[in-house]
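Participant: Just a sequence and a predicted model for now, questions to come.
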Number of protein chains: 2
Amino acid sequence: MQVIVYSHSAYLSDPQMLVKNFLTPAWAARAQIAGLLQKNRLDALKMPVLFVCEASNRLLSRRQKIRREWPSAERTRVSASASTMNIREIARRAKVSTATVSRTINRMPTVHPHLAKRVWKVVEELGYFPNTQARMLGSGRSRIFGLIVSEITNPFFPEIVHVFEEIAVQHGYEILMTSTVHDRERMKTAIRRLLEHRVEGVAVMTFGMEEALLEDLKVRNVPLVFVDAVGPPRPRVSNIRIDYLRGIRQAVQHLAALRHERIAFITGPLTLKSAVARKDAFIESTKEIGMALDRQLIMEGDHTPKGGEQAFAKLLALPLRPTAVLCSNDMTAIGVMHKSYVEKIAVPRDLSVIGFDNIRFSEYILPPLSTIQMSQAELARLAFQALLNDVKRETPNPHGTEYILKTNFVLRESTAMNGHKALRSTRAL
Amino acid sequence: MQVIVYSHSAYLSDPQMLVKNFLTPAWAARAQIAGLLQKNRLDALKMPVLFVCEASNRLLSRRQKIRREWPSAERTRVSASASTMNIREIARRAKVSTATVSRTINRMPTVHPHLAKRVWKVVEELGYFPNTQARMLGSGRSRIFGLIVSEITNPFFPEIVHVFEEIAVQHGYEILMTSTVHDRERMKTAIRRLLEHRVEGVAVMTFGMEEALLEDLKVRNVPLVFVDAVGPPRPRVSNIRIDYLRGIRQAVQHLAALRHERIAFITGPLTLKSAVARKDAFIESTKEIGMALDRQLIMEGDHTPKGGEQAFAKLLALPLRPTAVLCSNDMTAIGVMHKSYVEKIAVPRDLSVIGFDNIRFSEYILPPLSTIQMSQAELARLAFQALLNDVKRETPNPHGTEYILKTNFVLRESTAMNGHKALRSTRAL
DNA sequence: CTGAAAGCGCTTACAG
DNA sequence: CTGAAAGCGCTTACAG
């Protein structure tokens, strides 16, 4: 029997390659090449035809059309796919079963080294790599974690994304990242996408936003990890509690030591649980050292530079201005410093400013910003570990697990002794 | 025969629900519930057992253990999965075929509205959503695009990631994002991951780095889009060419108009094609206006603030210092301004600085940084569109497609007239 | 327009 | 230790 090989476009440029790749030598010797859609030639031949087809449904339909037109054609499945090598092809060439190929590739110790070697040889020769989707479907495990951040363009988050991704890849996980931008709709579609992809867990790095929307995930027993979550503990729901008080206390005491008595605090959006927690930590820190608390000095911002500017403008309008400002995040502090620049208020001489987060940028702000570090890398590590633990655990911890992340004050150059330099310059005059 | 239903945890709270969901009325009438792992009870019964099991391999093995221990147990597969609703279950309840469910969910117009309504009703009642992995495997399309950026922690990139993701979701695509951090190994594993996930296209936003590594993707006919690619055009490989000259020329002419004659340029890493292109645009811009070019004023940086500082330090050591510095990116400019701050060189009075990229931050730098805008949103949009076009195109454009992105100078407050203020202050003395 | 059935490329319990 | 075979949850060409 003569053989006609019917191929798809990728091999048209080098049909011999196709013959070599997909036929046994015995078949290859008899092979002729029929290019894609060259129906006429095939038609003229009127002889048994061996088809090589690819997975694409489009091509499949072509093949079937051709089959209808040459009922005489013998249809032999040589390979399911010419463009995509698969496990069956590897098995055929290595002269083992697909089960053995699968076991070899997954490095199961039970495979005889002799067979494993044969399999690896073929795998490398053909540059084969498994199809993740099929793997997921077969095993029932997606090996995907979701990562929800509130705003990737806020420089606090890319670092988290980066570290989270790095660890995930090390553990053979893929991540599906979503930036919700404080938008309910986006959050909803994001959750839907995560569920459709059957993620094995989701890290929710939104700092206490819209958590009600995540009910869908909880109900389906998807392991979750939050930052600053509230609400009753649940199995498979971990929480990373930030020890805000530690860093904020250090900052307040630093300002107090510099003889500041009117310290303002610009909060984040107070719908955010983390923002409330930071504000509360500030209030507690001032109380601890018996500092008189002027409620007017606590101003709401929104964690953006613009919000920082506006809040600071209001503080400037106060009859008694603050001499120092502590901000709920670095972006807010940047806004404050920008406004100070515009108003020709010299930082730190006339105003001390402290941020929160220690984004990478803060050391490049002028003057370099003193801030409170909340390690983004550590946060990402904790979050990943929390999810991994939950995935591995046979029986979930009924109360969830709590992790704690400390914060620390970082001294740079945006604070100074209250009145000190001003005093000196007065004397100089 | 009596029936024991062996269930997994999700149904333990409401076992009757399980019986109702998975057994025919006739079986249900005889069903007793045996909870998860309640081996003892089952053991005591010593009677035929009907198992309901779920897909999870872990549970499957438990089931099998139990079966081994009660050889008398009759094993009937009632449903493949109790935890995950599937298309078969929907079909059963809506009294249609799985084909019809599939067609309905994919909104194929051929489904009779009457049937479609029945299907949607069941889908909504049960909160069903399709399994993406199975969908991919069935259709042969992954609906995933890869996105490779060089460094997510560089504030230039998050904006790209954000916009790219947003458009992708709108078009029903998922993205797999990877930050290579200028690391060959990471790039290699990233490409491998993308191939394993059978991505339909990859946007390579590394600005001319390590493109040789992408050969694997090209060979497999994966549509690609580059920025500043070099090399011969190829089918399914698009290129976004940045019109650097336009923006850089505007910046140079602006400085020239401010009577700057010694304008330095701090480049990016010259292994990066984009960095070379920016440098060349600078040289051409100075030549165009007949400005004498001092090669000493072109200093290599690395697109980080640290690199900017170091390059600027070398410029300061020159016998004749520059009065203006144009930087290959904003991060470099930030480094320059930081160094100026340390060295007490006032920007813009003593030194004019211009960046490149127009990252969001640049307007919050003090003084606000004049820079050259290269729209990150537009770049992301072009890249996505390029991939989508290639995916849709039946026969690829043999020469690939080229897209062009313009750049524009953005004036802020980091530049000033050369010598002007210095002159005035001299007079004042 | 609809359903029965084959197929996607893997994994894995079972029986040697 | 290995292979034959069933299964994962979809899609879709084909035949009504």
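Facilitator: Good, I have the coordinates. Numbers count the residues shown, from 1 in each chain, chains lettered A, B, ... in the order given.
Participant: Break chain A down into its structural domains.
Facilitator: With domains defined by automatic domain parsing, chain A comprises A:2-70, A:86-139, A:144-243+A:382-405, A:244-373.
Participant: is the longest one up against chain B anywhere?
Facilitator: Yes. Counting by CB under 8 Å from any CB of the partner chain, chain B is contacted by domain A:244-373 at A:305, A:334-335, A:337-338, A:341, A:360-361, A:364-368. C-beta here means a position set from N, CA and C on the backbone, and glycine is covered the same way.
Participant: Return the most buried member of the domains of chain A.
Facilitator: Ranked by mean neighbour count, the domains of chain A are led by domain A:244-373 with a mean of 21 (mean count of other CB atoms under 10 Å in any protein chain shown).
Participant: okay, how far is it across that domain, tip to tip?
Facilitator: 10 Å (CA to CA, to the nearest Å).
Participant: try stretch A:215-232
Facilitator: End-to-end distance (CA to CA), stretch A:215-232: 13 Å.
Participant: quick one: is that stretch near chain B?
Facilitator: Yes. Contact of stretch A:215-232 with chain B (CB under 8 Å from any CB) involves A:220-221.
Participant: quick one: that stretch near DNA strand D?
Facilitator: No. Stretch A:215-232 lies apart from DNA strand D when judged by CB under 7 Å from any atom of the strand; the minimum separation is 13.3 Å.
Participant: for that stretch, the distance to its chain's centre please.
Facilitator: With CA atoms, centre = their mean, to the nearest Å as the basis, stretch A:215-232 stands 17 Å off its chain's centre.
Participant: Give me the contact list for it.
Facilitator: Residues from elsewhere that reach stretch A:215-232 (CB atoms under 8 Å, 6 or more residues apart in numbering or on different chains): A:191, A:194-195, A:199-208, A:211, A:214, A:234, A:236-242, A:273-274, A:277, A:379, A:382-383, A:386-387, A:390-391, B:10, B:83.
Participant: So for residue B:124, which of the domains of chain A sits nearest?
Facilitator: Evaluated over the domains of chain A, closeness to residue B:124 peaks at domain A:144-243+A:382-405, with 13.4 Å, by CB to CB.
Participant: So for the closest one, mean pLDDT?
Facilitator: Mean pLDDT, domain A:144-243+A:382-405: 90.
Participant: for stretch A:323-336, same thing?
Facilitator: Averaging pLDDT along stretch A:323-336 gives 97.
Participant: Which members of the residues of domain A:244-373 next to chain B define the maximum pairwise distance?
Facilitator: Spanning the widest gap among the residues of domain A:244-373 next to chain B are A:341 and A:360, at 21.2 Å by CB to CB.
Participant: would you list every one of the strands in the stretch 101-250 of chain A?
Facilitator: A:144-149, A:174-179, A:201-205, A:224-227, A:237-243 (DSSP state E, counting those that start in this stretch).
Participant: which one is residue A:242 nearest to, not counting chain neighbours?
Facilitator: residue A:405 (5.2 Å; CB to CB, 6 or more residues apart in numbering or on different chains).
Participant: Would you verify that that neighbour is located in a strand?
Facilitator: Yes. Assessed with DSSP: H, G, I helix; E, B strand; the rest coil, residue A:405 lies in a strand.
Participant: unless I'm mixing things up, it is touching residue A:376, no?
Facilitator: No. Assessed by CB atoms under 8 Å, residue A:405 is found out of contact with residue A:376, at 10.0 Å.
Participant: what is in contact with those two at once?
Facilitator: Here residue A:405 and residue A:376 have no joint contacts, going by CB under 8 Å, 6+ apart.
Participant: how about the nearest residue to residue A:321 once chain neighbours are set aside, what does it touch?
Facilitator: Excluding the flanking residues, the one nearest residue A:321 by CB to CB, 6+ apart is residue A:315, at 6.7 Å. Applying CB under 8 Å, 6+ apart, we find residue A:315 in contact with A:264, A:266, A:297, A:299, A:321-322, A:325.
Participant: Any chance of those residues in a markdown table with distance to residue A:134 as columns?
Facilitator: Converted to a markdown table, the contacts of residue A:315 look like this (distance: CB to CB, whole Å):
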| residue | distance to residue A:134 |
| --- | --- |
| A:264 | 59 |
| A:266 | 53 |
| A:297 | 61 |
| A:299 | 56 |
| A:321 | 66 |
| A:322 | 62 |
| A:325 | 57 |
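Participant: Looking at those, which are in strands?
Facilitator: Cross-referencing the contacts of residue A:315 against strands under DSSP state E gives A:264, A:266, A:299, A:325.
Participant: OK, contacts around the third one?
Facilitator: This means residue A:299. Neighbouring residues of residue A:299 by CB under 8 Å, 6+ apart: A:264-267, A:311-312, A:314-315.
Participant: could you check the distance from the nearest residue to residue A:189 once chain neighbours are set aside over to residue B:175?
Facilitator: Among residues not flanking residue A:189 along the chain, residue B:169 sits closest, at 6.7 Å (CB to CB, 6+ apart). Distance of residue B:169 to residue B:175, given as CB to CB, to the nearest Å: 8 Å.
Participant: Output the below-cut-off pLDDT ranges for the stretch 251-400 of chain A.
Facilitator: A:394 (pLDDT under 70).
Participant: could the residues of domain A:244-373 next to chain B be laid out in JSON lines, adding secondary structure and distance to DNA strand D?
Facilitator: Shown next, in JSON lines, are the residues of domain A:244-373 next to chain B (DSSP: H, G, I helix; E, B strand; the rest coil; distance: CB to the nearest atom of the strand, whole Å):
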{"residue": "A:305", "secondary structure": "helix", "distance to DNA strand D": "45"}
{"residue": "A:334", "secondary structure": "helix", "distance to DNA strand D": "47"}
{"residue": "A:335", "secondary structure": "helix", "distance to DNA strand D": "48"}
{"residue": "A:337", "secondary structure": "helix", "distance to DNA strand D": "53"}
{"residue": "A:338", "secondary structure": "helix", "distance to DNA strand D": "51"}
{"residue": "A:341", "secondary structure": "helix", "distance to DNA strand D": "56"}
{"residue": "A:360", "secondary structure": "helix", "distance to DNA strand D": "42"}
{"residue": "A:361", "secondary structure": "helix", "distance to DNA strand D": "44"}
{"residue": "A:364", "secondary structure": "helix", "distance to DNA strand D": "49"}
{"residue": "A:365", "secondary structure": "coil", "distance to DNA strand D": "50"}
{"residue": "A:366", "secondary structure": "coil", "distance to DNA strand D": "55"}
{"residue": "A:367", "secondary structure": "coil", "distance to DNA strand D": "57"}
{"residue": "A:368", "secondary structure": "coil", "distance to DNA strand D": "54"}
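Participant: for those, which one is nearest residue A:180?
Facilitator: Distances from residue A:180 to these, taken as CB to CB, are shortest for residue A:305 (20.1 Å).
Participant: Touching, the closest one and residue B:364? I think so.
Facilitator: Yes. Look at residue A:305 against residue B:364 with CB under 8 Å: they come within range, at 5.2 Å.
Participant: which residues are common contacts for the two?
Facilitator: Counting by CB under 8 Å, 6+ apart, the residues touching both residue A:305 and residue B:364 are A:334-335, A:338.
Participant: Distance of the closest residue to residue A:154 other than its chain neighbours relative to residue A:315?
Facilitator: What sits nearest to residue A:154 in space, not counting adjacent residues and going by CB to CB, 6+ apart, is residue A:331, at 6.5 Å. Per CB to CB, residue A:331 is found 17 Å from residue A:315.
Participant: Give me the distance between residue A:413 and residue A:370.
Facilitator: 7 Å.
Participant: just residue A:306 next, same as before
Facilitator: In terms of CB to CB, residue A:306 sits 22 Å off from residue A:370.
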